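**Student:** Need coordinates for the following:
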Amino acid sequence: MSHNSIVIVGAGQAGYQVAASLRQEGFEGAITLVGDEPGVPYQRPPLSKAYLLGKVGVAALRFRPPEYFDEHRITRIQGSATAIDRERRELVLASGERLAYEHLVLATGARNRVPAVAGIELGGVFGLRNLADADGLSQRLGSAKRAVVIGAGFIGLEFAAVAAARGIAVDVLELGTRPMARALSAVTSQVFDHAHARWGVRIHYGQSLAAIHGDGGQVRSVELASGEVLPADLVVYGIGVLPNAELAAQAQLTVNNGIVVDAHLLTSDPAISAIGDVVSFPSPWSPQAIRLESVQNAVDQAKAVAARLMGKPAGYAALPWFWTDQGELKLQIAGLADGHDETVVLGSVEQHQISVLCFRAGRLVAVESCNRPADHMAARKLIARNTPLSPAEAAAPGFDLKAFEVSTRETA
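**Tutor:** Next up is the predicted model:
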């Protein structure tokens, strides 16, 4: 092992995981983890779900207690990185401190895309990306009567479900024609559309935000592009994210929809790797480079980089998978459905227990499972093995995805 000093920028899921995996792999050199939030690294997915519902506290969010980092000799620095001196192999912090590295890992993540409208700065208007956002929202949920959510994506609808469960009237503005359209098939979108309607959430399709109005510095209403005005004492926006690639761009690393990396997650500088939400990477599961925002991708990329730095290189080829919890619905997605041209539905739409098998040119490329966890696990194995399955086979009466996976595994 030639890298005796590894510096990691970003203390989210990916940054924490690469530090932990390096120690698990037996790395004995110095590890420095730089993050701009106070406290120890924590999980983000529960922020929009269990944490807002009060089902878990801050301690349960932590990946590890504070003493873990001392015991494993992982130095934590709270601060922002402002520059990379590639020639001297030093990371420059906002404090002026310079950290020498033999290898640098960029895990800088992404930030919320902020609507460019008047009133976005008013009190009671939130994005939902970190613990501070969730804490601010939590303080408002107890007194809020009417909430408006901008965007019917995963985060927006997770919050809408939480707010509705707490008795708040919720309106969702969505420019598209169905919920989570960028990620889901039409059938699965319909299940969630009906569920939110049942919970009392009103989703306004084909509607965009014109302005947010307030009084005394606090939000009071939201104006739609159509001219309609919706009363609101709480507004949450979830219209996508932007990769935090500025540090890499300033260092003249290749950037295109994120930090560009090769199959081994190396940037255009062989002394710098990049992982997680911020990277654009080649994948055997996509015809073009992709950038994914998921826990699975962050964890698996971190483990791949740690293994490479310990002399065990392998191209990154993990199958993408995702999930979202909304009310009593748990959606799990295996694979990437982009460009699918045929679907087969298993289960019952009426009972909200379905799996939608997405095919592209006759090949199974993704499975969306709602409240069918066994199907999800089977789908991950089938797609990862590239097991042949035709739409006609899947549509046959009595077809069972889990049983099919077991039978093909036994005969493989």
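
**Student:** residues touching Ala181, list them.
**Tutor:** Counting by Cβ atoms under 8 Å, 6 or more residues apart in numbering, Ala181 touches Ser189. C-betas here are computed from N, CA, C, even on glycine.

**Student:** Same question for Lys145.
**Tutor:** 168-169, 233.

**Student:** Redo these as CSV? Include neighbour count.
**Tutor:** Below are the contacts of Lys145 laid out as CSV (neighbours: other Cβ atoms under 10 Å):
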residue, neighbour count
Ile168, 21
Ala169, 17
Asp233, 19
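
**Student:** tell me which of the residues you listed is nearest to Glu405?
**Tutor:** Nearest to Glu405 among the contacts of Lys145, counting by Cβ to Cβ, is Ile168 at 41.3 Å.

**Student:** Helix or strand next in line after the longest helix along the chain, which one?
**Tutor:** In terms of residue count, the longest helix belonging to the chain (DSSP state H) is helix 295-309. Where DSSP states H and E defines the elements, the next helix or strand beyond helix 295-309 is strand 321-326.

**Student:** So for stretch 327-339, what gets flagged as buried?
**Tutor:** By neighbour count on 16 or more other Cβ atoms under 10 Å, the buried set for stretch 327-339 is 327, 329-338.

**Student:** Stretch 100-118 now?
**Tutor:** By neighbour count with 16+ other Cβ under 10 Å, stretch 100-118 contains the buried residues 101-110, 112, 115, 117.

**Student:** Same question for stretch 247-254.
**Tutor:** Across stretch 247-254, burial judged by 16+ other Cβ under 10 Å covers 247-248, 251, 253.

**Student:** just those now: which is nearest Val187?
**Tutor:** Ala248 (39.0 Å).

**Student:** So what's the gap between the helix-or-strand element of the chain with minimal mean pLDDT and the chain middle?
**Tutor:** Using mean pLDDT, DSSP states H and E, helix 401-411 stands out as the lowest-scoring helix or strand of the chain, at a mean of 87. Relative to its parent chain, helix 401-411 has a centroid offset of 30 Å by Cα atoms, centre = their mean, to the nearest Å.

**Student:** how about the nearest residue to Ala161, chain neighbours excluded?
**Tutor:** The shortest distance from Ala161 to any non-neighbouring residue, by Cβ to Cβ, 6 or more residues apart in numbering, is to Gln326 (4.2 Å).

**Student:** what's around the one you found, how many residues?
**Tutor:** 26 (other Cβ atoms under 10 Å).

**Student:** Kindly state the beta-bridge partners for it.
**Tutor:** Listed beta-bridge partners, Gln326: Leu329 (assigned using DSSP bridges).

**Student:** Look up how far Phe281 lies from it.
**Tutor:** 29 Å (Cβ to Cβ, to the nearest Å).

**Student:** Out of the buried residues of stretch 327-339, list just those in strands.
**Tutor:** Taking DSSP state E, the ones among the buried residues of stretch 327-339 that sit in strands are 329-335.

**Student:** Quickly list the domain ranges of the protein.
**Tutor:** Taking automatic domain parsing as the criterion, the chain consists of the domains 5-111+242-309, 125-239, 328-411.

**Student:** neighbours around the closest residue to Ala169 other than its chain neighbours, how many?
**Tutor:** Using Cβ to Cβ, 6+ apart and skipping residues adjacent in sequence, the residue nearest Ala169 is Arg146, 4.8 Å away. Per other Cβ under 10 Å, the neighbour tally for Arg146 reads 18.

**Student:** There's contact between Arg146 and Ile168 in this structure, I believe.
**Tutor:** Yes: with contact defined as Cβ atoms under 8 Å, Arg146 counts as touching Ile168 (6.9 Å).

**Student:** intersection of neighbour lists for the two?
**Tutor:** Joint contacts of Arg146 and Ile168 (Cβ under 8 Å, 6+ apart) are Leu234.

**Student:** re earlier: okay, the residue nearest to Ala169: pLDDT?
**Tutor:** Arg146 is assigned 98 on the pLDDT scale.

**Student:** Tyr42 versus that one, what's the distance?
**Tutor:** With Cβ to Cβ as the criterion, Arg146 and Tyr42 are 30 Å apart.

**Student:** and the residue nearest to Val349 when sequence neighbours are not counted, how many neighbours does it have?
**Tutor:** If the residues on either side of it in the chain are set aside, Val349 comes closest to Val191, at 6.1 Å by Cβ to Cβ, 6+ apart. Counted with other Cβ under 10 Å, residues neighbouring Val191 total 23.
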